[in-house]
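**Q** Just a sequence and a predicted model for now, questions to come.
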Amino acid sequence: MKIVPQAFVIAGVFAAIPAAAQSPQPATASCSAQGGPAIRVSVVGLQDRAGRLKLELYPATEADFLKDDRDLVKEHKDFARIWAQTPQSGAVNLCIRAPRAGRFAILFTHDRDGKNKFNIWKDGVGVVSGQKIGRSRPKVGQAIVNVPATGTSITIRAQYVSGLAGFSPVK
């Protein structure tokens, strides 16, 4: 199985969730510690500091991007997820481990009501490219990250529904 259970939050609360688990576990190391390549994510443009933040790592294929984690685990495909409480102030920096160097897709969500079910009218979403998502689900090409063995740093701008235009950054 290729579940990546070690994922970490740098600023704010420390929490992690393996793909097959549903409750947070404390992180056991920082993003810079040994344990394989990591993706350090700076999140900008949050609408507010409510709820929880989630990062998910998927295989970099259109067929597997946003696929149910239980199916990915059954198929022995790479998947990782972290959850963190939204820090009340300051920078928002998250870290998720990659199983190895390579190409992956990353999705960020802001679960503003903390219900662990995406609410299109309230919750936020973000991808690496920073492209406006609009009214359709994000495409894998918008979420691709090339992760070297030394790890990488990226910035994701959160987007929220803005009228009929769909998801876009907060103005």
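**A** Perfect, I can see it now.
**Q** Strand partners (parallel or antiparallel) of the biggest strand by length in the chain?
**A** The residue-count maximum for a strand in the chain (DSSP state E) belongs to strand 102-111. Applying DSSP bridges to the sheet, strand 102-111 is found paired with strand 52-59 (antiparallel), strand 124-126 (antiparallel), strand 144-147 (antiparallel).
**Q** Distance from that strand to the middle of the chain?
**A** Averaging C-alpha positions (CA atoms, centre = their mean, to the nearest Å) puts strand 102-111 4 Å from its chain's average.
**Q** Go through that strand and flag the buried ones.
**A** Within strand 102-111, the residues scored as buried using 16 or more other CB atoms under 10 Å are 104-111. Glycine gets a C-beta too; all of them are placed from N, C-alpha and C.
**Q** what do you get for stretch 113-127?
**A** Residues of stretch 113-127 classed as buried by neighbour count (16+ other CB under 10 Å): 122-127.
**Q** farthest pair in those residues?
**A** Distance extremes for these: the farthest pair is 122 and 127 at 18.6 Å, using CB to CB.
**Q** okay, the strands paired with strand 102-111, which one's buried deepest?
**A** Ranked by mean neighbour count under mean count of other CB atoms under 10 Å, the strands paired with strand 102-111 are led by strand 124-126, which reaches a mean of 25.
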